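Engineer: any chance you can model this:
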Amino acid sequence: MQKFRDNRLGAFIHWGLYAIPGGEWNGKMYGGAAEWLKSWAKVPADEWLKLMDQWNPTKFDAKKWARMAKEMGAKYVKITTKHHEGFCLWPSKYTQYTVANTPYKKDLLGEMVKAYNDEGIDVHFYFSVMDWSHPDYRYSIKSEEDSIAFSRFLEFTDNQLKELATRYPTVKDFWFDGTWDQVLRRMVGGQLMWNKC
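Structural biologist: Okay, here's the model as predicted:
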């Protein structure tokens, strides 16, 4: 924690499929942050995830981004690995909704981790616990069936976190988002523990 406080200035890369439509869906503009567009426009997950067919940031240059961050004095960067939509910037083996299944195909997260590490900048990961694309995600537990489905979701989440920590061992920490719903989430002994409120 002291190193994080001492680093002071950092950069936050908030990037996902929502960058493609921005705040517009079917000709209607929605106010607020684009990453919530799927929810506000009530877009079904399968329709939303078709945006993967357009994901091809050919002008992306991780080294250039890292150099710019260093020039501005950033000591750390926090990168969105996966937002609420469920799209992963790394080739996760636990879901089909990854960069590996887009026209771009490359491991964006891996490119960024290497580039920022090469510039001496600490890398931190943002990870959404909420996942609108996963069939077993539950906002609340209302039945035994929900409980069983949510147990599968917890295993999926645990697997993705272990995958990220293993693939990118230089990551300094994880910042969890999407934990305000009706199920209380706590990290205990490296294992996600979920209790009803």
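
Engineer: and the closest residue to residue 102 other than its chain neighbours, what does it touch?
Structural biologist: By the measure of Cβ to Cβ, 6 or more residues apart in numbering, the closest residue to residue 102 outside its immediate chain neighbours is residue 55, 3.9 Å from it. (C-beta placed from N, C-alpha, C; glycine too.) If a contact means Cβ atoms under 8 Å, 6 or more residues apart in numbering, then residue 55 has 17, 20, 87, 99, 102-104 as its contacts.

Engineer: for residue 37, give me its contacts.
Structural biologist: 18, 21-25, 30, 43.

Engineer: between which two of these is the distance greatest?
Structural biologist: Checking the contacts of residue 37 against each other with Cβ to Cβ, the farthest-apart pair comes out as 22 and 43, at 13.7 Å.

Engineer: between these two, tell me which one has more neighbours.
Structural biologist: Neighbour totals were compared for residue 22 and residue 43, and residue 43 leads with 19 against 11 (other Cβ atoms under 10 Å).

Engineer: what ranges do the strands span in the chain?
Structural biologist: In chain order, the chain shows strands spanning 10-13, 24-25, 28-29, 76-82, 122-128, 174-177, 183-188, 191-196, with DSSP state E as the criterion.

Engineer: quick one on the thing from earlier: export the contacts of residue 37 to a markdown table and append columns for distance to residue 119.
Structural biologist: Listed next are the contacts of residue 37 as a markdown table, based on distance: Cβ to Cβ, whole Å:
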| residue | distance to residue 119 |
| --- | --- |
| 18 | 27 |
| 21 | 32 |
| 22 | 29 |
| 23 | 32 |
| 24 | 35 |
| 25 | 37 |
| 30 | 36 |
| 43 | 37 |
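
Engineer: by neighbour count, which of these wins?
Structural biologist: In terms of neighbour count, residue 18 stands highest of the contacts of residue 37 at 21 neighbours, by other Cβ under 10 Å.
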